Structure formats: C-alpha cells, structure tokens
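# prediction below, plus the sequence it came from.
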Amino acid sequence: MIAFPDINPVAVQLGPLAIHWYGLAYIAGIGLAWWLLLRRVQSRNVAWTEKDVGDLVFWAALGAVLGGRVGYALFYNADAYLDDPTAVFAVWRGGMSFHGGVLGFIFATAWFARSRQRRFLEVSDFLVPVVPVGLGLGRIANFVNQELWGAPTELPWGVVFTNPAAGLVARHPSQLYEAILEGAVLFAILAWVTRVPRQTGVASGVFLLGYGCFRCLVEFVREPDAHIGFLADGWMTMGQVLSAPMVLAGAVLLALSLRRSEPR
C-alpha cells in the first residue's frame, strides 16, 4: 500500500484568502481548453473566430459550473437542500455533480449556438474534444482534496488516505483512475476521432459514450456517497444510474451520425 503524500489542499494562503488546488484546477482546465481551441482555429480551416472561441468557452464553463452545483443538490443531497434551499449558494462547502454539469453545459451550448445561428451539434463537436482536459485536472484535484476515494483494496497501489473518514485503510485511488480514463484516454480518443473531418454529431456521440462507459467502470471500485450508498443489490451506484443514459444517448447519436453520407 502507499501512504497518501503530504499535499496541502490549499495551494496559496494570502492572509484570510485561501486558494485551493481545486479552484486552480478549474481555472487551468478552462484556460487550457480555450488555448487548445484557439490553436485549432489557427491551424485549421474552420469557420470560427477567436471571439467566438472566447465567448463559447465562457458560457460553456459558466453553464457547467452552475449545472454542476444545482445537479449536486438535486441528485445527491436533495433532502438537505429542500430543508435549506439557500445552501445551494454555499459553494465553499463543496459539492459538484458532473452529470448536472453536463446538463448545464448543454443548455449553455444550445443558447450560444442559437445566438450565433449555428447548429447545436456543430458547436458541441467543436468543443467536446477539449473537455477531458478539465475532467482530468478536476479528478486530480479530488485526489489532492482526499475526497471521492475508492473502496478498500489489497492491491499494491492502494492508497491510505489521511482523512479519518476514509478509515485509514488502503483504498483504490479511484480519482486517479478517472483522471486517466476520463481525462487522458478520452482526450486521446477524441483527438484521434477528430483528426479528420467527421459527420456532424460523431465527436459528441463518442464523448458521451466514452465518458459514460469509463464512469460506470470506475464506479465498481469507487466508494459510494455515504448518505446514499448502493442503490440496488449492493453494487449499483448513483453515478452508474446517471451515466447509463449518457451511454445510451452517445451510442444512438453516434449510430445516427455515422449514417450520414458526407463528413462535415
């Protein structure tokens, strides 16, 4: 087993102001996504301007953050937030849902597409190849924060987290599993898919299908939320329930997109 490294979740302390690695991960993810999209615009013959890219990244990031917060309140802790609805604004207490972030991302991207008279799938195909960058950094930040850890394990790379809530037993570093699969591997897959022009909707379908499958897989070795636990027969988790529709939607979208005769 491996002892959790001595990492302070606070990256910079300036008097009463504490800047956490988690917040820096968000900023770095958004910044890198913006930079990669700018490079794509500059190196390929695509009908996007630098202003379009900046506006799209801003609205998509805002939608993802707001959706992630609201989604956490609805999907993972609805009773507590119904008792105190104002707690949804207490972002310093933590609590984000990726699946809620996806819904917020979809609404924001749809709004942007309509405002620029573009098709939604055209916009999402342009944006989703860089989303895994932020996902990977976010999962690494989860590891630094000692949250969302995995189930106990006897494997040699099991990590003993110092957070007392983890029980001081070796656990799967599921945050790093997700950083690799949802971040590096999914980024590589999407980079390969989009290296040449594809039918509209292919990139978006691959993203939904890939993330959903990877998330469902890691959930088998991830400790479920303590206040929710397993949902069925001691194995199904809320993450799997929310990811299953992504797998189905991605598979259907990919199949329908590949039926188009001309790549666009």
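In hand now; what should we look at? Numbering: from 1, shown residues only.
# can you map out the helices along the stretch 51-200 of the chain?
For the stretch 51-200 of the chain, applying DSSP state H, counting those that start in this stretch gives helices covering 78-83, 98-115, 120-127, 131-144, 174-178, 186-193.
# tell me which residues in the shortest one are buried?
By neighbour count, and taking 16 or more other Cβ atoms under 10 Å as the criterion, the buried residues in helix 174-178 are 174-178. Every residue, glycine included, has its C-beta placed from N, CA and C.
# show me what it is packed against.
Contacts defined by 3 or more Cβ pairs under 8 Å, 6 or more residues apart in numbering; DSSP states H and E place helix 174-178 against helix 131-144, helix 202-219.
# how distant is the first one from the center of its chain?
On the basis of Cα atoms, centre = their mean, to the nearest Å, helix 131-144 is displaced by 8 Å from the centre of the chain it belongs to.
# the inter-axis angle of it versus helix 186-193?
Orientation check (axes from the mean of the first three to the mean of the last three Cα atoms, to 10 degrees): helix 131-144 against helix 186-193 gives 170 degrees.
# which residues are in contact with residue 150?
Residue 150 is in contact with 171-175, 177, 221-223, counting by Cβ atoms under 8 Å, 6 or more residues apart in numbering.
# tell me who's in contact with residue 191.
Listed by Cβ under 8 Å, 6+ apart, the contact set of residue 191 reads residue 129.
# separation between it and residue 197?
Here residue 191 is placed at a distance of 14 Å from residue 197 (Cβ to Cβ, to the nearest Å).
# and the closest residue to residue 70 other than its chain neighbours, how many neighbours?
For residue 70, the nearest residue in space outside its immediate sequence neighbours is residue 100; the separation is 5.7 Å by Cβ to Cβ, 6 or more residues apart in numbering. As a burial measure, the neighbour count of residue 100 was computed by other Cβ atoms under 10 Å and equals 23.
# got it, and the one 3 residues further on?
If you count neighbours by other Cβ under 10 Å, residue 103 ends up with 18.
# kindly report the same for residue 217.
The number of residues near residue 217, taken as other Cβ under 10 Å, comes to 15.
# from residue 160, how far off is the closest residue in space to it that isn't next to it in sequence?
In space, and not counting its chain neighbours, residue 217 is closest to residue 181: 7.3 Å by Cβ to Cβ, 6+ apart. When distances are taken as Cβ to Cβ, residue 181 and residue 160 turn out to be 23 Å apart.
# can I assume residue 5 sits in a strand?
No. Note on residue 5: no strand contains this position according to DSSP: H, G, I helix; E, B strand; the rest coil, which reports coil.
# check contacts around residue 53.
Going by Cβ under 8 Å, 6+ apart, the list of residues near residue 53 reads 34, 37-38, 41.
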